[in-house]
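Engineer: Pasted the sequence and its predicted model underneath.
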Amino acid sequence: MKLHYKGKFNGDVKTLPENEERPNAVMFKEFKSPKVFSLLMNILSVVLLVPLGLVYFWRCDVKDINMVLIGAVISLIMMVPHEILHALCCKGDVDLYIYPKGGSLFVLPFEDMSKKQFVFMSLLPNIVFGFVPFIIFLCFPQFTILGAVGFVSIPMGVGDYTNVFNALTQMPKGAKTYLNGFNSYWYMPNQN
């Protein structure tokens, strides 16, 4: 894997690198605009944050808001390692972008992936930085910082969950997926 930092994404999908089209490729039914996608994902993040926060405070031994603030700061710092974990699941070149207007970072891999590989790549950082710390906290509530990191990190992955949902519901068995600019496509490799 070779990670290339590409700097700030300006919101114009035409500035993202194009990938070679595959014969008979089908674009995922997904958002075409990064602005709309980011807005909806940020809203969904807040919607998911509320019940996770309620569980956190219900289970928490220490009702200290500072732990939540520390967890939020750690989660924000973990945004870069989150994207690096996505990139580590790839074999080829991967571009990393910062999208300040959308409040996000993202990577664009340039390789074709199976559904299983794409789902794993999408979920791995959320499992490592969100679900595992939160589950440890649920089992051992004295680890309040882990709980805070988990409950703040889990909602930060809503864009990844959307990609997983799209792959699981739109890709037929044996299909491969690839990114072209902002959008994902799937195709059947044996038909090309």
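Structural biologist: Thanks, I have it. These figures come from a predicted structure and were not determined experimentally.
Engineer: Report the buried residues of the helix or strand of the chain with the lowest mean pLDDT.
Structural biologist: Lowest by mean pLDDT, DSSP states H and E among the helices and strands of the chain is helix 65-77, with a mean of 87. Buried residues in helix 65-77, counted by 16 or more other CB atoms under 10 Å: Met67, Val68, Ile70, Gly71, Ala72, Ile74, Ser75. For every residue, glycine as well, the C-beta is placed using N, CA and C.
Engineer: do stretch 87-104 as well
Structural biologist: For stretch 87-104, by 16+ other CB under 10 Å, it's Ala87, Cys89, Cys90, Val94, Asp95, Leu96, Tyr97, Ile98, Tyr99, Gly102, Ser104.
Engineer: Would you mind checking the average pLDDT for it?
Structural biologist: In this model, stretch 87-104 has a mean pLDDT of 91.
Engineer: Now do that stretch: distance from first to last residue.
Structural biologist: With CA to CA, to the nearest Å as the measure, stretch 87-104 spans 16 Å from end to end.
Engineer: Now do the longest helix belonging to the chain: distance to the chain's middle.
Structural biologist: In the chain, assigned by DSSP state H, the helix with the most residues is helix 34-59. The gap between where helix 34-59 is centred and where its chain is centred comes out at 14 Å by CA atoms, centre = their mean, to the nearest Å.
Engineer: Stretch 81-97 too?
Structural biologist: With CA atoms, centre = their mean, you get 11 Å for stretch 81-97.
Engineer: so what secondary structure elements neighbour whatever helix or strand Ile84 lives in?
Structural biologist: Assigned by DSSP states H and E, Ile84 belongs to helix 79-88. In terms of contacts (3 or more CB pairs under 8 Å, 6 or more residues apart in numbering; DSSP states H and E), helix 79-88 is packed against strand 93-99, strand 104-109, helix 115-126, helix 144-156.
Engineer: So which bits of stretch 49-58 are buried?
Structural biologist: Leu49, Leu52, Tyr56.
Engineer: between those, which is nearest Met156?
Structural biologist: Met156 lies nearest to Leu49 out of the buried residues of stretch 49-58, by CB to CB, at 9.0 Å.
Engineer: tell me the contacts of the nearest residue to the closest one once chain neighbours are set aside?
Structural biologist: Leaving aside its sequence neighbours, Leu49 sits nearest to Pro155 (CB to CB, 6 or more residues apart in numbering; 4.5 Å). When contacts are counted by CB atoms under 8 Å, 6 or more residues apart in numbering, Pro155 touches Leu44, Ser45, Val46, Leu48, Leu49, Leu52.
Engineer: so can I have JSON lines of these showing distance to Lys6?
Structural biologist: Shown next, in JSON lines, are the contacts of Pro155 (distance: CB to CB, whole Å):
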{"residue": "Leu44", "distance to Lys6": "26"}
{"residue": "Ser45", "distance to Lys6": "24"}
{"residue": "Val46", "distance to Lys6": "28"}
{"residue": "Leu48", "distance to Lys6": "28"}
{"residue": "Leu49", "distance to Lys6": "29"}
{"residue": "Leu52", "distance to Lys6": "32"}
